[in-house]
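Peer 1: whatever this is, show me its structure:
(one chain, ligands or ions: 1)
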Amino acid sequence: MSKMNPAQKEALVKELYEKYPYPSREVTNPQEIIYFAEWVAKTFGEDKSFWKGKSVLELGCGTGELASALALCGAKVIAIDFSSSSIKHAKRLAKEIGTAKNIAFFEKNILNLSENEFSAANKFETEKKFDVVIALGSLHHTIDALSGFKIACKFAKPEGLVVIGLYNKYARLKHRIKRAFIKAIAGNNIEKRIKTGETLFGNGEKNGKAWAADKYGQVHESYHSVGKVLHWFKEEGIEFISSKPKFEHAVIDEIKWLLEERGAFFVMTGKKK
Ligand SMILES: C[S@@+](CC[C@H](N)C(=O)[O-])C[C@H]1O[C@@H](n2cnc3c(N)ncnc32)[C@H](O)[C@@H]1O
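Peer 2: Next comes the predicted model:
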């Protein structure tokens, strides 16, 4: 099996999310949807009222549940994703929920966003910078998570928040071993990978095929430690505010987390100085 170059990896990530938009949750009413906005606000110690009047840029919005939730809570949202089927799904959801007028969706690659990207094209005629920039579960699927993070920081206003959710290098260890088995058996063939993963490790059945596709079909994900992300924050002039889960002693807590088997997704929030 030959090693893929970054462009090949990126093409397969896009192919996966074109076929299996994520998370594709079965949400039908606004009350259920608001949960997503509450959850994110809680990660940095706020509640849903925080979003009222905020301008938000979401990088890698997937099927748009969070974007609609933020809009329901009073935010103006620009949400981007490079999967056209995810954007289509997100737009349909926003229409159904009644949030479409407060969200502008764009089909774009996070890593190619330019400084003036949203100055003219967005329907809110906002400035080029945002009160909050959010990238949950997307940067670790780009081919260069650090560049994606730098782009997120560039779009935050001074005093604005940057909220990123990534897979943890330590806590994801068990899943990384599963992925090594999947790769050895199925290589980079998405359908074969999903089938192998489901056969060996089961299907979470959380949201149909999207869950298994994201977990097993995904050919590229990167892993990040709390210490490394704190270093990124420092380099980009971002003051650390909070994390979910909370970490008192970075590596020790991350290893404990692995042993507790409570997932491996962590969210870190900082404020642009
Ligand atoms: C695991 S999903 C997360 C979706 C959503 N943020 C959530 O938390 O449920 C990752 C998303 O990131 C998008 N993505 C990955 N790399 C991207 C890139 N370079 N540019 C734009 N979107 C990207 C994928 O298309 C996918 O919708």
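Peer 1: drop to CA atoms for contacts and neighbour counts, all remaining ones
Peer 2: OK.
Peer 1: mind listing the strands for the stretch 151-273 of the chain?
Peer 2: Counting by DSSP state E, counting those that start in this stretch, the stretch 151-273 of the chain has strands at residues 156-167, 238-244, 265-272.
Peer 1: out of the ones you listed, nearest to the ligand?
Peer 2: strand 156-167 (8.0 Å; Cα to the nearest ligand atom).
Peer 1: need the strands of the stretch 151-273 of the chain in a markdown table with mean neighbour count and mean pLDDT, can you?
Peer 2: Listed next are these as a markdown table, based on neighbours: other Cα atoms under 10 Å; pLDDT from 0 to 100:
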| stretch | mean neighbour count | mean pLDDT |
| --- | --- | --- |
| strand 156-167 | 23 | 97 |
| strand 238-244 | 18 | 96 |
| strand 265-272 | 22 | 97 |
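Peer 1: any chance of those strands in CSV, plus distance to the ligand?
Peer 2: Putting the strands of the stretch 151-273 of the chain into CSV (distance: least, Cα to the nearest ligand atom, whole Å) gives the following:
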stretch, distance to the ligand
strand 156-167, 8
strand 238-244, 14
strand 265-272, 10
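Peer 1: closest one to residue 128 among these?
Peer 2: Counting by Cα to Cα, residue 128 lies closest to strand 156-167 out of the strands of the stretch 151-273 of the chain; the figure is 8.7 Å.
Peer 1: so what touches the closest one?
Peer 2: Outside strand 156-167, the residues within contact range by Cα atoms under 8 Å, 6 or more residues apart in numbering are 129-140, 149, 152-153, 222-224, 264-273.
Peer 1: again with stretch 88-97
Peer 2: Identification of contacts with stretch 88-97 by Cα under 8 Å, 6+ apart yields 21, 24, 28-30, 62-65, 68, 100, 103, 105.
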